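1. sequence and predicted structure below; questions after.
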Number of protein chains: 2
Amino acid sequence: MLKEQTFLRIPGPTPIPPSVQQAMNRPMMGHRSSEASDLISSIKPRLRKVFGSTQDVIILTGSGTSALEAAVVNTVMPGDEVLVIVTGSFGDRFAKICEAHNVTAHRLDVEWGKSFQTEEVRSLLQKNPAIQAVFATYCETSTGVMNPIDSLSEAVNGVSEALIIVDGVSCVGAVETKMDDWKIDIMVTGSQKALMLPPGLAFIAASERAWRRIEDNPSRGFYLDLLKYRKDLQQSSTPFTPAISLLLGLDEALKLLETEGYPEVFDRHTLMKEMTRAAFRALEIPLLTSDADAAETVTSVQPDDFDADAFRKLVKSEFGLSMAGGQGHLSGQIFRIGHMGYCSPADMLQTIAMIEIGLLKIGKNIELGKGVSAAQNVYMSKEGAQ
Amino acid sequence: MLKEQTFLRIPGPTPIPPSVQQAMNRPMMGHRSSEASDLISSIKPRLRKVFGSTQDVIILTGSGTSALEAAVVNTVMPGDEVLVIVTGSFGDRFAKICEAHNVTAHRLDVEWGKSFQTEEVRSLLQKNPAIQAVFATYCETSTGVMNPIDSLSEAVNGVSEALIIVDGVSCVGAVETKMDDWKIDIMVTGSQKALMLPPGLAFIAASERAWRRIEDNPSRGFYLDLLKYRKDLQQSSTPFTPAISLLLGLDEALKLLETEGYPEVFDRHTLMKEMTRAAFRALEIPLLTSDADAAETVTSVQPDDFDADAFRKLVKSEFGLSMAGGQGHLSGQIFRIGHMGYCSPADMLQTIAMIEIGLLKIGKNIELGKGVSAAQNVYMSKEGAQ
């Protein structure tokens, strides 16, 4: 077999488009040069569009978690009470970050594989009027659940002045995000998911209301102090040397998204989700999430008659196909297929075809082509509808 | 003119070698894959060598400043007293990070352009027995000064139990660094200087003594909590998605340094420093630093009869040659030439030749070739000595 070939179908990091690679190969430049300033200046308005906000989007050099921590340390103080909605391991991470900063986290623990109910959020806020912020996850990567972020503010409004803080790491750029319309106060994402870049950049935007809270916060740390970044971003600069090669790649990745058109990008992700789900339904292999809760960017499969991890190992070795396993108590129970960023419906046909062979090889009795044809039918029906 | 060509002679970011570019173009991989683990496993012992330590070197995804802040938050607590030796704007940054965390910083302010005196450090420690840590800068990038880090522990030993914490961002990898022998407790560097990579990775190692202090520290934050990184690094992993493309580049950059040989790498940097200084001496243009204090990686020139910033602008426009200006009160007073990382004696000959033309064009009365020949003579004399 062609061992050089790899198929990265984990929910991030995701494959890098060739033109983005080329952009990252441009000669290095000084971070205080006019070229760097022009680059940031070109990126700035386009990131606002990705976030659906009139606010500038701050670029951190760091993992997605650096921006999650920035969201915590800039908005709340030790001793403050917050509500953390935990629908999986990334919700849990928000809670852990709060604890590390002596912020009291009330947890709304939701069964993994399900989305949260806004009524429960409202009820918890009514019971705990001291809550200063609500932390939620847009796409919960660990389960493949898409949470109802668009209606979260309706649950908060009228009962609480809490800021609404959202981890959008594994979906912003792949699904519609209307930060302003949805009254999200802080939105976070990372470079290595829908934005088709290597890991190393994290993004965070804040509402007017959140900025006022940040301005009043006396302990924002240093590297993650958002006021420093906002001030420099106004001059199209950064307070610390940014990951310049990734910024060059971002400029090109945004060009690719803009050329495709954001509505088309969102439709492509919905289509890949529906093709993937149709394939497993046709193969009679259970999905972890309901249609209503399923994420556009990652699908969790929960087999009931074969070992998820052994199956992943087999297709990795056979085809170089990488899928993700389960996290926490779902470890060994599920496998997760990423379909976001530089990934097309054609890629999903190939992925499903490889998966079918892997299933047969692990001893599962399936009819070859049944999943692929189900996915093809979804593709054909959607095409007709457009 | 060939406007596409650029010469990046600032003290970081530095140019990227072609083979490092190629390595960074390898297909993206999962951060929890065996490939990622193999990569980190390969890098681990080689970074220890760069630091001159038996301790593992932790890799952060972030600017150099992220590791400076990690050095602060992991070792000292709010209310602690520390000594910060300030020889330029990066020493000042250490002080600002301490202040942001309510750590009381006693400053030893040294005239910019000079190195610190270990006796002054000793005397300050004797007067302030509560000091928990001494923060120093190895190469002060803003002035081009190399500080006597090798003898800093002699000033501390016997008078204080303070940890010795060193910012080695703009020289580690280009000059000898013997963290263990010199009894440095924390050493920090970044990717975009001597290590020939784009910005986006920061490195930090800690002594046994420092690790004990870190283990006892209850407030280490989250993203910069070094205990998390140490634990995962033992399994050749990272707690958060690292900048994988930069890790691929690091693997190759280390190969280049190892192939050249570290003693040869250090000699090359010393040679580039001496060539540069000889050139400006021959041209009778003052240098900011003495021979004893001069850094191997960056040379600061302090012209007394032409405008440093106008001169930089001219050579940037004429040749695409980028040099750095002064920072703080040296702004407009000096220009700084970086000669580190992917930079050779041949590059310095070219740089000096371009600078000579620039000097003539800005109206300075010089003899063309005088600086170049002085640098050539240094090169020839050193070659004979080897």
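-> Ah, there it is. As the structure is a prediction and not an experimental result, all values here were calculated from the model.

2. ok, now which ones touch A:Asp181?
-> Residues near A:Asp181 by CB atoms under 8 Å, 6 or more residues apart in numbering or on different chains: A:Gly52. In this view, the C-beta of every residue, glycine as well, is placed from N, C-alpha and C.

3. any idea how far stretch A:92-107 is from the chain center?
-> Averaging C-alpha positions (CA atoms, centre = their mean, to the nearest Å) puts stretch A:92-107 20 Å from its chain's average.

4. quick one, what contacts A:Met272?
-> A:Met272 touches A:Glu296, A:His339, A:Met340, A:Cys343, A:Ser344, A:Pro345, A:Asp347, A:Met348, counting by CB under 8 Å, 6+ apart.

5. with A:Glu140 instead?
-> Applying CB under 8 Å, 6+ apart to A:Glu140 gives the contacts A:Thr87, A:Gly88, A:Phe90, A:Gly91, A:Met146, A:Asn147, A:Ala295.

6. how about a cut-off of 10 Å?
-> Neighbouring residues of A:Glu140 by CB atoms under 10 Å, 6 or more residues apart in numbering or on different chains: A:85-92, A:110, A:112-116, A:146-147, A:167, A:170-171, A:289, A:293, A:295, A:298, A:300.

7. could you find the closest non-adjacent residue to it?
-> Among residues not flanking A:Glu140 along the chain, A:Gly88 sits closest, at 3.9 Å (CB to CB, 6 or more residues apart in numbering or on different chains).

8. just A:His329 next, same as before
-> Nearest to A:His329 is A:Trp112, by CB to CB, 6+ apart, at 7.1 Å.

9. any idea how far A:Ala279 is from chain B?
-> 22 Å (CB to the nearest CB, to the nearest Å).

10. and what about that residue, helix, strand or coil?
-> helix (DSSP: H, G, I helix; E, B strand; the rest coil).

11. which pLDDT value does the model give it?
-> With respect to pLDDT, A:Ala279 has a value of 98.

12. and the residue nearest the centre of chain A?
-> By CA atoms, centre = their mean, chain A has its centre lying nearest to A:Ser170, at 1.1 Å.

13. which strand or helix spans that residue?
-> A:Ser170 belongs to no helix or strand when elements are defined using DSSP states H and E.

14. per-residue confidence at it?
-> 96.

15. got the contact list for it?
-> A:Ser170 sits next to A:11-12, A:14, A:64, A:90, A:137-142, A:144, A:146, A:189-190, A:192-194, A:295-298, A:338, A:340 when contact means CB under 10 Å, 6+ apart.

16. repeat that for A:Pro218.
-> Listed by CB under 10 Å, 6+ apart, the contact set of A:Pro218 reads A:Met77, B:Asn102.

17. before we move on, back to that, who wins for neighbours among the contacts of A:Met272?
-> A:Met340 (28 neighbours; other CB atoms under 10 Å in any protein chain shown).

18. so what's A:His106 up against?
-> A:81-85, A:95, A:98, A:124-125, A:127-128, A:130-131, A:134.

19. swap in 8 Å and give it another go.
-> Contacts for A:His106 (CB under 8 Å, 6+ apart) come out as A:Glu81, A:Val82, A:Leu83, A:Val84, A:Leu124, A:Asn128, A:Ile131.

20. show the buried residues in those residues.
-> Buried members of those, counted by 16 or more other CB atoms under 10 Å in any protein chain shown: A:Glu81, A:Val82, A:Leu83, A:Val84, A:Leu124, A:Ile131.

21. so of those, which ones are in helices?
-> Using DSSP state H, the subset of the buried ones among the contacts of A:His106 located in helices is A:Leu124.

22. chain B: which of the buried ones among the contacts of A:His106 is nearest?
-> Distances from chain B to the buried ones among the contacts of A:His106, taken as CB to the nearest CB, are shortest for A:Val84 (13.6 Å).

23. could you give the bridge partners of that closest one?
-> A:Arg107, A:Phe135 (DSSP bridges).

24. domains for chain A, by residue range?
-> As assigned by automatic domain parsing, chain A contains the domains A:7-14+A:261-385, A:18-258.

25. same for the lowest-mean-pLDDT helix or strand in chain A, what does it pack against?
-> Taking mean pLDDT, DSSP states H and E as the measure, the helix or strand of chain A with the lowest value is helix A:370-385, at a mean of 89. Applying 3 or more CB pairs under 8 Å, 6 or more residues apart in numbering or on different chains; DSSP states H and E, we find helix A:370-385 packed against helix A:262-282, helix A:345-361.

26. show me the contact partners of it.
-> With CB under 8 Å, 6+ apart as the criterion, helix A:370-385 contacts A:267, A:271, A:274-276, A:278-283, A:345, A:348-349, A:352-353, A:355-356.

27. stretch A:21-30 now?
-> Stretch A:21-30 has contacts (CB under 8 Å, 6+ apart) with A:35-36, A:198, A:244-246, A:248-249, A:251-252, B:6, B:8, B:10, B:13-16, B:21, B:24-25, B:192, B:198, B:245, B:322, B:324.
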